[in-house]
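Asker: got a structure for you, letters missing:
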């Protein structure tokens, strides 16, 4: 089964920030990250329920899963998402070194 991916506004802002940060340091690195991100999204479309629960899941009213996206240089990014029916709602994308998301920031639609 193929799932529909829906990036919520906060996740879009997270991705824009990651790309902007990487572009300032290495335009080629930003392009490579985007390529790896697209590959990760393809995996998510086909197998979202195979992803484990995010540590933040205990603070949310439903299961929050995480997709781990590892870059060529070994840096790990986390996409936090929920699955509702055939929809995968990407809530946030966390860069390496970022703390766990505080309880009050983990809301759908923000």
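Answerer: Done, it's in. Worth saying up front: this structure is predicted, and the values here are computed from it rather than measured.

Asker: tally of neighbours for residue 76?
Answerer: 12 (other C-beta atoms under 10 Å). Where C-beta positions appear, they are placed from N, C-alpha and C, glycine not excepted.

Asker: all strands of the chain, in order?
Answerer: 4-7, 65-70, 76-84, 87-94 (DSSP state E).

Asker: Now render those as a markdown table, adding distance to residue 48 and mean pLDDT.
Answerer: Below are those laid out as a markdown table (distance: least, C-beta to C-beta, whole Å; pLDDT from 0 to 100):
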| stretch | distance to residue 48 | mean pLDDT |
| --- | --- | --- |
| strand 4-7 | 9 | 95 |
| strand 65-70 | 7 | 91 |
| strand 76-84 | 5 | 93 |
| strand 87-94 | 5 | 94 |
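
Asker: Quick check: bridge partners of residue 84?
Answerer: Judged by DSSP bridges, the bridge partners of residue 84 are residue 87.

Asker: do you know how far it is from residue 20?
Answerer: 30 Å (C-beta to C-beta, to the nearest Å).

Asker: Then residue 46?
Answerer: For residue 46, the distance to residue 20 - C-beta to C-beta - is 29 Å.

Asker: Same check on residue 36?
Answerer: From residue 36 to residue 20 the distance is 17 Å (C-beta to C-beta).

Asker: Which one's more surrounded, those two?
Answerer: residue 36 (16 against 10).
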